[in-house]
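Trainee: 3D model of this:
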Amino acid sequence: MSALSTTAPDLGPAEVEALVRRIYGIEGSTRPLAGERDQNCLVQATDGSRYVFKISNPSEPAAVVDFQIAALDHIARVSPGEPVPRVVRTLEGRTHSTIALADGVQTRVRMLTYLDGIQIRETVRTAAQRRAMGSGLAALNSALCDFAHPGGAHDLLWNVATAHRLSEQLDSLVDAQRRALAQAFMTRFTTHVLPHLASLRSQVIHNDYHLYNVLVAPDDQARIVGIIDFGDMVHAPLVGEVATAAAFHMTGNADPFEGPAQFVASYQAVLPLTAAEQEVVADLMATRHLITALISEWRAARYPENRAYIMRHNPAAWEALSQMADLSRDTARDRLLAGTSIGATQ
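Mentor: Next comes the predicted model:
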């Protein structure tokens, strides 16, 4: 909660460029990139190289920053073909540095390679693209399955497995119809999902694999060339990763389950869900929309200057909850798994 309640750093371009020069020995210009908690900057080096310079929210624990860095280094070692950013070392050979902000508070900075490609949100969505995203996420999860780090156990609101902690936000919803809708899905989660999560597979997951964070090639928009933004990584139930990603495929088709079903079927062809995971994956897809609605409403009211970014998924979340409201749990599960032609593992 604290990382979402603390304003992101806001250093000026000249300050950022000076830091990049001092810490990395790189000359270049910078421009801001969107972010929820951290200050992110695109660095255009004079030699043509591009990087992402990240100034962590001062409320972000150092162990969490170290966790995100270590995960990228792990992927680079065990699965070098994965299209993820690489951690750029400082002049001293370190993975990060520490700076003091204007108020004297210290925070960590790091730099990553910049990945070229088109965000999927800017493309025409296709079944081939969804299948590529499904198999791509399964490959990423396979690369992370043996990775462990103390920072992975951090407390993150953007974790569908802990959605019940947002119950207090229900009363802040002004619209009575939306409040009732959100309450119904919160009850579904706490009654039918929460009691079973501890028995399901858990590992480090990306937790934010959506249309803004997956890049495709300009000449082949079903070929993934980049997976970015590992800021919401957490050690959590694996099925929550699949449900979270599937949730973003509900828009764009007359049947809101068509896209998610294509995505999940492709994921399962590489990394099958267990029978117990299949039982709750549709519930957790709805839960992702629920926490998106609750967190974004709260954050937008708190930080109106960043409202456009914070609320970018809010309308789709409410629409998806409305579409799922009259479906039984079994019906939602069957429609989500309709494209799966293989049996679940036990």
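
Trainee: what's the domain layout of this protein?
Mentor: Annotated domains of the chain cover 2-113, 118-336 [automatic domain parsing].

Trainee: and residue 69, how far is that from residue 89?
Mentor: Taking Cβ to Cβ, to the nearest Å as the measure, residue 69 falls 11 Å from residue 89. For the C-beta atoms, the positions are set from N, CA and C on the backbone; glycine is no exception.

Trainee: which residues do those two both contact?
Mentor: Applying Cβ atoms under 8 Å, 6 or more residues apart in numbering, one finds that residue 69 and residue 89 are jointly contacted by residue 95.

Trainee: quick one, which of those two is more surrounded?
Mentor: Comparing residue 69 with residue 89 by other Cβ atoms under 10 Å, the one with more neighbours is residue 69, at 21 against 13.

Trainee: need the contact list for that one.
Mentor: 87, 95-96, 110.

Trainee: and the strands in the chain?
Mentor: For the chain, the strands defined by DSSP state E cover 28-33, 39-45, 50-55, 87-88, 97-100, 106-113, 118-119, 202-205, 214-217, 220-227, 234-237.

Trainee: turn those into TSV, including mean neighbour count, distance to residue 260 and mean pLDDT.
Mentor: Converted to TSV, those look like this (neighbours: other Cβ atoms under 10 Å; distance: least, Cβ to Cβ, whole Å; pLDDT from 0 to 100):
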stretch	mean neighbour count	distance to residue 260	mean pLDDT
strand 28-33	15	28	95
strand 39-45	19	29	97
strand 50-55	21	30	98
strand 87-88	19	33	98
strand 97-100	14	41	96
strand 106-113	20	30	97
strand 118-119	15	19	97
strand 202-205	22	17	98
strand 214-217	21	15	98
strand 220-227	18	17	98
strand 234-237	23	18	98
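
Trainee: quick one: closest of those strands to residue 258.
Mentor: strand 220-227 (16.4 Å; Cβ to Cβ).

Trainee: about what we covered before: what's the farthest-apart pair in the contacts of residue 69?
Mentor: 87 and 96 (8.4 Å).

Trainee: find residues that contact each of the two.
Mentor: Common contact partners of residue 87 and residue 96 (Cβ under 8 Å, 6+ apart): 69, 110.

Trainee: I figured residue 296 was touching residue 310, is that so?
Mentor: Yes. Counting by Cβ atoms under 8 Å, residue 310 is a contact partner of residue 296 at 5.4 Å.

Trainee: thinking again about what came up before, winner for burial among the domains of the chain?
Mentor: Mean neighbour count (mean count of other Cβ atoms under 10 Å) peaks for domain 118-336 among those, with a mean of 19.

Trainee: so how far is it from its chain's centroid?
Mentor: 8 Å (Cα atoms, centre = their mean, to the nearest Å).

Trainee: how about the spatially closest residue to residue 145 that is not a sequence neighbour: which residues does it bridge to?
Mentor: Closest residue to residue 145 apart from its sequence neighbours, by Cβ to Cβ, 6 or more residues apart in numbering: residue 203 at 5.3 Å. Bridge pairing for residue 203 (DSSP bridges) gives the partners residue 236.

Trainee: contacts only, for residue 203.
Mentor: If you count contacts by Cβ under 8 Å, 6+ apart, residue 203 has them with 141, 144-145, 147, 235, 238.

Trainee: ok, the closest residue to residue 318 other than its chain neighbours - contacts?
Mentor: Nearest residue to residue 318, sequence neighbours excluded (Cβ to Cβ, 6+ apart): residue 293, at 5.7 Å. Taking Cβ under 8 Å, 6+ apart, we find residue 293 in contact with 178, 182, 314, 317-318, 321.

Trainee: and residue 322, by the same measure?
Mentor: By Cβ under 8 Å, 6+ apart, the contact list for residue 322 reads residue 181.

Trainee: ok, it to residue 315 distance?
Mentor: 11 Å.

Trainee: now swap in residue 108 and tell me
Mentor: To residue 315, residue 108 is 34 Å away according to Cβ to Cβ.

Trainee: how about residue 6: what's its closest non-neighbour residue?
Mentor: Nearest non-adjacent residue to residue 6 (Cβ to Cβ, 6+ apart): residue 59, at 4.0 Å.

Trainee: swap that for residue 115, please
Mentor: Closest residue to residue 115 apart from its sequence neighbours, by Cβ to Cβ, 6+ apart: residue 226 at 3.6 Å.

Trainee: could you do residue 325 as well?
Mentor: Spatial nearest neighbour of residue 325, excluding adjacent residues (Cβ to Cβ, 6+ apart): residue 181 at 6.1 Å.
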